[in-house]
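Colleague: Predicted coordinates and the sequence they were generated for:
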Amino acid sequence: MWQPPERIKHALPVVNWPSAEQAAAAKLFSPVRIGPTQLTSRTWIPAMVPWRATNEGLVTDDVVDWYARFAKGRPGAIVVEATGIRDVPSGPLMRAGHERFVPGLRRLVEAVKNASNGETKLFIQLIDFLQIKRRPPTDKYFSRFLAIRPQHREALAALEEAPHFETCDEALVRDHLATLSSEQLAGILDARELDALQKGYRERVWDTHLEHIRDLPTTLPGLFANAAGHVLDAGFDGVELHYAHAYTMASFLSALNTRDDGYGGSQENRVKLPLEVIAAVRAVVPEDKVLGLRFLGDEVIDGGSRLDDALFYATKFAEAGVDFLSLSKGGKFEDAKVPKVGDAVYPYTGPSGYECMPSVFSDAQGPFGRNVGLSEAVKKTLNDAGHSIPIVAAGGIGTFEMAEAILQAGEADIIGAARQCIADPDWFLKVRLGHGESVRRCEYTNYCEGLDQKHKQVTCKLWDRKQLDDDDVTLDHSGRRRLTAPAWTP
Ligand SMILES: Cc1cc2nc3c(=O)[nH]c(=O)nc-3n(C[C@H](O)[C@H](O)[C@H](O)COP(=O)(O)O)c2cc1C
Ligand code: SF4
């Protein structure tokens, strides 16, 4: 994973855990209304993909165990991992694009309700993403994938001072291109072709020459609504639309979106499809269920959307009647690390990925509460405009004091803790009961994120080799790591 060049190692914040009485009086453990429902506390586990579904996108026992384990810590809400809206093969990513996924999802809901004694609300994140291919070997790219254009021939002829490249057999052009250096290729291929060579081919939402991309504004509202219908049938308390990071909806919102069909260019055009999706999903969400979304306060990439875009979008989303907004940051393909040949580019490996899941190897600012400024600005803008929908903050928040200070300062309404909840799924409960000293504290060094990157079952380095002889321990594919945190009894 990319790290800021300063590479300052930040120590974990010093903690003074509250007593049970102090916790009971804290804002963190006070209820908060979300649309038609109420969370018993302002504690939230944001969406995280732990790679436990089947290759057909079905819920497994391991998926159920993972969320039931979180639920034992009684957070106010859990958002289940990014779940695909289409009924197409997507590897071991959970899916909701067909009613055959409903029974597994229902089992998941029931397990969370049982484990939390009905206390934790359960939402699920719905995602769409475009096609992405693995980085090809150079010879394969030139022999099979690159579409040779007259410009390639002309540039090659000029480079080699060999006019025959303008007219010769295409195979000769392909063979010769495969022998050139990156610098030479930079003068011949366009930016997209170079990107496809170095990182693998990837569709963009502004590839309107492709029919299925041109048609996204027609197809996506229905696909999201269909998937939302299935998860609500399964008993989820609500839906979180994934408008963040590197995926389709965030790409519509991106300032890089140059579609010229009314869905790209200006902020108004870029937010049009996201609003149409909200309207379509809202139509299938019953009055007692929640519809919220997660989006980026800042894309943190050259030419991308910044905070001013996010403030504009937040106002539009609030006007459209969403019940909560969850803020994230970065996580884009554009600045991601060049993958190895045969691997796919991963959107959390560049500077924007760092901002999404900041580690303790940081710049002077450090990882803790790093993204709170975004939720604060969004909350202020909305409150000033008379909107009061709750705002969820996340990013390096792993202590009671930090969480409580953010809430007290009005910088967010709900505290999301992703990695701290992997490290210790009981931590909210421990703090609430006055057992803060037994919290297993996340070290924010991103071992879990490294597993995620390789699509390996996500675990935590602090517990995955511990107490392997406990009853009912399930192990990962390697047989060496346990899949859920050891039990805790107060
Ligand atoms: C293993 C892993 C998987 C993640 N998967 C998702 C996801 O499916 N959807 C999403 O919006 N964010 C995802 N995230 C980002 C987290 O929700 C969260 O925003 C980020 O980790 C920062 O919060 P933290 O500092 O509390 O961990 C993931 C993070 C991790 C570590
Ligand atoms: S592996 Fe554990 S300690 Fe390390 S960042 Fe992930 S959750 Fe935190």
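Modeller: Good, I have the coordinates. Ligands and ions are numbered 1, 2, ... in the order given.

Colleague: Compute the number of surrounding residues for Val360.
Modeller: Neighbourhood size, Val360 [other CB atoms under 10 Å]: 19. To be clear about C-beta, it is placed using only N, CA and C from the backbone, and glycine gets the same treatment.

Colleague: CA atoms of the host helix or strand of Ser328 as PDB?
Modeller: Assigning secondary structure by DSSP states H and E places Ser328 in strand 324-329. Provided in PDB are the C-alpha atoms of strand 324-329 (Å, rounded to 0.1, in the frame of the first residue of the first chain):
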ATOM      1  CA  PHE A 324     -28.400   9.100   6.100                       C
ATOM      2  CA  LEU A 325     -25.100  10.100   4.400                       C
ATOM      3  CA  SER A 326     -22.000   8.100   5.200                       C
ATOM      4  CA  LEU A 327     -18.700   9.900   4.200                       C
ATOM      5  CA  SER A 328     -15.700   8.200   2.800                       C
ATOM      6  CA  LYS A 329     -12.600   9.500   1.000                       C
END
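
Colleague: measure the spatially closest residue to Val458 that is not a sequence neighbour to ligand 1 for me?
Modeller: Nearest-residue entry for Val458: Pro50, 4.2 Å, with adjacent residues in sequence omitted and distances by CB to CB, 6 or more residues apart in numbering. Separation of Pro50 from ligand 1 (CB to the nearest ligand atom, to the nearest Å): 7 Å.

Colleague: how would you label Pro50: helix, strand or coil?
Modeller: coil (DSSP: H, G, I helix; E, B strand; the rest coil).

Colleague: List, one by one, the residues from the stretch 301-450 of the chain near ligand 1.
Modeller: Taking CB under 6 Å from any ligand atom as the contact definition, the stretch 301-450 of the chain meets ligand 1 at 328, 356-357, 394-397, 417-420, 448-449.

Colleague: Low-confidence stretches in the stretch 301-450 of the chain?
Modeller: The model of the stretch 301-450 of the chain has no residue with pLDDT under 70.

Colleague: Please give me every residue in contact with the nearest residue to Arg100 once chain neighbours are set aside.
Modeller: Leaving aside its chain neighbours, Arg100 sits nearest to Leu58 (8.0 Å; criterion: CB to CB, 6+ apart). Going by CB atoms under 8 Å, 6 or more residues apart in numbering, Leu58 touches 94-95, 100-101, 104.

Colleague: if we can go back for a sec, which of the residues of the stretch 301-450 of the chain next to ligand 1 count as buried?
Modeller: Among these, those that count as buried by neighbour count (16 or more other CB atoms under 10 Å) are 328, 356-357, 394-397, 417-420, 448-449.

Colleague: Which members of the residues you listed occur in helices, if any?
Modeller: The helices, defined by DSSP state H, take in 356, 419-420, 448-449 from those.

Colleague: which of those lies closest to ligand 1?
Modeller: Nearest to ligand 1 among these is Arg419, at 3.4 Å by CB to the nearest ligand atom.

Colleague: Distance of the residue nearest to that closest one when sequence neighbours are not counted relative to ligand 2?
Modeller: Distances taken as CB to CB, 6+ apart place Cys442 nearest to Arg419, at 4.7 Å, with adjacent residues excluded. Distance of Cys442 to ligand 2, given as CB to the nearest ligand atom: 3 Å.

Colleague: again, but for Phe428
Modeller: Going from Phe428 to ligand 2 by CB to the nearest ligand atom gives 15 Å.

Colleague: repeat for Tyr141
Modeller: Taking CB to the nearest ligand atom, one finds Tyr141 at 35 Å from ligand 2.

Colleague: I'd say Glu355 and Leu327 touch.
Modeller: No - the pair Glu355 / Leu327 is not scored as a contact, 11.7 Å apart, by CB atoms under 8 Å.

Colleague: shared neighbours, these two?
Modeller: Asn371.
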